[in-house]
Structures are given as C-alpha cells and as structure tokens.
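In: Sequence and computational prediction follow.
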Amino acid sequence: MEMRTWMRGGLEAVAGGFIAIGLSLTNFPLLVLWLVALALSPVAGLGLIALPFMTLVLRARADLERKLAGRVGVVIARPYAPGPTRAAAGGWRRYQWILTDPATWRDVAWLVPGAIVSIALGIISLAGPLYGIEGITLLPLWLYLGTDWYGYGLFWPINSFSEGLLSLPQGVLILAVGIAAAPWLRWVDARFAKVFLAPTKAAELRLRVAHLTVSRADTVDAQAAELRRIERDLHDGAQARLVSLGMTIGLAEEMLDRDLAHARKLLAEAREASGAALVELRHLVQGIHPPVLAERGLDGAVRALALQLPLPISVDVDLPGRAETPVESAAYFVMAEAMTNVVRHSGARTAAVSIRYEDGRMTMVVLDDGKGGANPKEGTGLRGIARRLAAFDGTMTLSSPPGGPTAVTMELPCVLSSPRISPSSGTG
C-alpha cells in the first residue's frame, strides 16, 4: 500500500509538472494583455472596461495556482480586498479598487518569475522520469534498430548487448529518483508562488477582520434562530401543557365538594400532564446544554450519543482536560450534527469518532464507510457545523469522494483545564 501511495503521489506530481508548464506559458500573453488594458485607461470608457475584465482573468489564473499549490500541501489564501458592491463592472469605483489593491500588483509581479520557475521545475520533473523510461527501453530499441545510433547515460554509447543490459538498472534507478523528486519539485514551485500570491500582513489582518465580521453575524443569526426555536417549543409544548394543567387543577377544585371521584380523576390527569411537561422541559434543556455534557464532559457526552445512534460507532477520545463551557458545548453539538449526518445520509455500516488535543487545538474527526459524495452546498447540516465552528475561530474540512469514505475534520482553538490523571479511549 505504501509503495502504491508513493507511486501514485509521484506520478501525480509528474503530471502536475506537465500541467504547470502549460499553464505557465499563458502567463506571458496574460501579462501583455493586462498591460495593454492598463495602457488603454486614458481612453474614455475603454480602459474602465478592459482593465477590470483582464484583472478578473488574472485573478482566475492566480486562484488556479493557489488551488494547485493546495494539492501539494501549500495553502495560499486569497488576498484581495472586498470590492465595491454597487459599482458597475466597468465603473470608476471598481477601476479604482483594482489599482489600489496591492494584491493586484503582486499578481502581476508573479506572472513572469512564477512562469520561469514553474517551467524550469516542470521540465526537471518531467525529464527525470522520461530519461529513466528511455534507459529501460534502450536495449529493446537498440536490438530492434541494430545500431549504436545513440548512447545513454553520461557519454555511454551502446556497442554490445552487455552494455545495453547495464542501461536497464540505470534507467530504473533514474525513473525512481525522478518520481520521488517530482513531489518535492512541485512543493518548491508552490512555495515560490506563495511568496507573491499569499496575503501580506496587512491583507491577513483585513481578511481576518472580514472573517470575524461574517462569523459574528452568522453567530448572531444562529443565536436568534435558536432563541426563536426555544420560544416556539415553550409556547407550543411546555407552556400549553402548563396552561392545561392549571385548568385541570381548577376544575378539580370545583369538583371536590360535588363529585369527589371526578375530582380525583382530574387530579390524576393533572399529575400525568405535569410529568409530560417535565419531560418536554428536560428535552428542551438538553437541546441548550445536555446535562451529560456538564456532568461527564465531552468524552462521556460523545460516548453517550454514540450509544444512542442505530449504528456501530467506535469512539476514541484523548483529552487531557476540559475546555470552557461555550467551547465544549460547541464541540458537542458539531459532533452530534456530524454523527447524525452519518446515520441519515451516508448509508454507512460503521463509523469512527476521534477527538484529540494538541498545540492549543482540539481536533475532532468523524469517519464513515458510506457512499461518500457529501457536499456542504446541498444541505444545511455541514454549513451549520462550519458556522458554529467559525464563531470560535474553528474550521471544518470535508473529504468525501464518490464511493466513500467520508471524513469530517473539525478543529477548535481552545485551552483545556482540570487535567485528568489519564486519558480515556475505547469503543462506544
């Protein structure tokens, strides 16, 4: 399996080098067209349309480079400042926004050096494996042609069958080295692109403020929706039962002197109604903050939840302490939502849950062997998880290829307190 993974990663990197060469060749005409659009700016109307359009193409090319970098483990965030919301596509405000955004000029500055580096590294990543394949196939070609029409290696002509045999192990070695080096070359290319295409410190701060603004707005909306749900549940459930309970007790009081048997019957109904109201209130409280979470912490609460679901779910928790109540509650509810999604939508036969804490971050993973193909855009469950995590600067990562498996990875920055003597892990 490791050999297969290594070979697959190397071949993907070789293919990535070929793609990088093709994409990098587009950088040169793109730079020329963008500069022409900039030069046309003094022409009334034309520059105000051409430059925003070419910048849109430029940013699409830069976004593609960021996406390719992410495939080799180099994450490059988009650095662009928010654009004007009411200006037309070719309006002056949009034109001004493009020219005053430093990220635009950094994209332009990346085009030529980024293309040179990508082409050079792409050629190297292709040359090694191709040269190795040449060595492997050299002897059959030499036998077929019957001449020493070219050599292999460093000034190594083939004049005999024995010399031809030596090209085979050399070719295998060079092919292996080329495949092994290709991912590293792609990583170097991505790191170079990050120098130009990643946000600056000021841009990171601006993006951070924008992210916090959106996440806080989502949190306020979510809290308002939760309050409306609680109000609706109280009004339609427990409140209605309590009103009915009061009316029943009142009727029983009136019947005490006239019909004692009827009064006892009404009091029995009142007792049943009070029990039903108490159950509804308990369910409502559990939806706000489950008692098991307060009593047993996230470990015990997740295990209890796994036991309630109609699916074998293994639980492995290693937390050296407890997080603050709001963070712990958020962690519980995102885990509950993710585990419920497994039961409702995945078609899985088994699932696994793990919770770890390291370097100030709690990492929660829900893995299932279902059909895969999960998409946050097609349902509210995963989007709700992302919103709840964002309120605490957390993140969610989804891996769900068609055919499965599906892995939902959730991270929450937090500080744990009250360390336990030993972590708990096992099967729930």
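Out: Cool, got the structure. Residues are numbered from 1 along each chain as shown.
In: hey, let's count contacts and neighbours off CA atoms from now on
Out: Will do.
In: ok, which stretches of the stretch 201-350 of the chain are helices?
Out: Remark: helices assigned in the stretch 201-350 of the chain by DSSP state H, counting those that start in this stretch are 201-233, 239-255, 260-288, 291-308, 325-341.
In: Report the mean per-residue pLDDT for the third one.
Out: Helix 260-288 shows a mean pLDDT of 69 in the predicted model.
In: Stretch 170-178 too?
Out: The model assigns stretch 170-178 a mean pLDDT of 86.
In: Kindly report the same for stretch 366-379.
Out: Regarding stretch 366-379, the rounded mean pLDDT is 80.
In: Just the buried positions in it, please.
Out: 366, 367, 368, 369, 370, 371, 372, 374 (16 or more other Cα atoms under 10 Å).
In: Flag the shaky bits of the stretch 51-200 of the chain, pLDDT-wise.
Out: Across the stretch 51-200 of the chain, residues meeting the criterion (pLDDT under 70) sit at 83-92, 139, 141-164.
In: which pair in the buried residues of stretch 366-379 spans the largest distance?
Out: Across the buried residues of stretch 366-379, no pair lies farther apart than 366 and 371, at 14.5 Å, counting by Cα to Cα.
In: so residue 353 sits in a strand?
Out: Yes: read with DSSP: H, G, I helix; E, B strand; the rest coil, residue 353 is one of the residues of a strand.
In: how many neighbours does it have?
Out: 24 (other Cα atoms under 10 Å).
In: List the residues that contact it.
Out: Residues counted as contacts of residue 353 (Cα atoms under 8 Å, 6 or more residues apart in numbering) are 313, 314, 315, 316, 364, 365, 366, 367.
In: In strands, which of those residues fall?
Out: Among the contacts of residue 353, the members falling in strands are 313, 314, 315, 316, 364, 365, 366, 367 (criterion: DSSP state E).
In: Give the bridge partners for the fifth one, please.
Out: Going by DSSP bridges, residue 364 is paired in beta bridges with residue 355, residue 410.
In: Might one say that it is in contact with residue 355?
Out: Yes: taking contacts as Cα atoms under 8 Å, residue 364 lies within contact range of residue 355: 4.5 Å.
In: Which other helices and strands does the longest helix belonging to the chain contact?
Out: Ordering each helix of the chain by length in residues (DSSP state H) puts helix 102-145 first. Secondary-structure packing of helix 102-145 (3 or more Cα pairs under 8 Å, 6 or more residues apart in numbering; DSSP states H and E): helix 2-25, helix 27-39, helix 46-70, helix 161-197.
In: mind running it again at 6 Å?
Out: Here helix 102-145 touches helix 2-25, helix 161-197, going by 3 or more Cα pairs under 6 Å, 6 or more residues apart in numbering; DSSP states H and E.
In: Just name the most buried of these.
Out: By mean neighbour count, with neighbours taken as mean count of other Cα atoms under 10 Å, helix 161-197 ranks first of those at a mean of 20.
In: Residue 374: which element?
Out: Of the helices and strands defined by DSSP states H and E, none includes residue 374.
In: Check the gap between it and residue 352 for me.
Out: Applying Cα to Cα, to the nearest Å, the value for residue 374 to residue 352 is 17 Å.
In: circling back to that earlier point, take the helices and strands packed on helix 102-145 and write them to TSV, including distance to residue 140.
Out: Supplementary listing: these in TSV, determined by distance: least, Cα to Cα, whole Å:
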stretch	distance to residue 140
helix 2-25	24
helix 161-197	9
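In: out of the ones you listed, nearest to residue 104?
Out: That would be helix 161-197 among the helices and strands packed on helix 102-145, by Cα to Cα, at 9.4 Å.
In: now that closest one, how far from the centre of its chain.
Out: 30 Å (Cα atoms, centre = their mean, to the nearest Å).
In: cool, stretch 37-53 as well?
Out: Put simply, stretch 37-53 sits 38 Å off its chain's centre (Cα atoms, centre = their mean).
In: picking that back up, quick check: angle from the longest helix of the chain to helix 161-197?
Out: Between helix 102-145 and helix 161-197, the angle comes out at 170 degrees (axes from the mean of the first three to the mean of the last three Cα atoms, to 10 degrees).
In: the inter-axis angle of helix 102-145 versus helix 46-70?
Out: Using the same axes, to 10 degrees, helix 102-145 lies at 60 degrees relative to helix 46-70.
In: Return the distance of helix 102-145 from the chain's centre.
Out: Centroid separation for helix 102-145 versus its chain: 31 Å, with Cα atoms, centre = their mean.
In: one step back: nearest to residue 417, of the ones in strands among the contacts of residue 353?
Out: Checking these against residue 417 by Cα to Cα gives residue 364 as the nearest, at 18.1 Å.
In: so that closest one makes contact with residue 357?
Out: No: here residue 364 lies out of contact with residue 357, judged by Cα atoms under 6 Å, at a distance of 8.8 Å.
In: Find residues that contact each of the two.
Out: Taking Cα atoms under 6 Å, 6 or more residues apart in numbering as the criterion, residue 364 and residue 357 do not both touch any residue.
In: Could you look up the SS state of the most centrally placed residue in the chain?
Out: Nearest to the centroid of the C-alpha atoms of the chain, with distances taken as Cα atoms, centre = their mean, sits residue 397, at 2.6 Å. Following three-state DSSP, the label given to residue 397 is strand.
In: From residue 54, how far out is the closest residue to residue 168 other than its chain neighbours?
Out: In space, residue 168 comes closest to residue 136 once its chain neighbours are excluded; the distance is 4.6 Å by Cα to Cα, 6 or more residues apart in numbering. Taking Cα to Cα as the measure, residue 136 falls 47 Å from residue 54.
In: which one of the two has more residues nearby?
Out: residue 136 (23 against 19).
In: wait, the more buried one sits on residue 171?
Out: Yes: applying Cα under 6 Å, one finds residue 136 in contact with residue 171, separated by 5.0 Å.
In: Could you list the low-pLDDT ranges of the stretch 301-428 of the chain?
Out: 378-380, 418-428.
In: what about stretch 185-205, distance to the chain center?
Out: Worked out by Cα atoms, centre = their mean, stretch 185-205 lies 19 Å from the chain centre.
In: what's that stretch in contact with?
Out: So stretch 185-205 is contacted by 69, 72, 76, 77, 79, 106, 110, 118 (Cα under 6 Å, 6+ apart).
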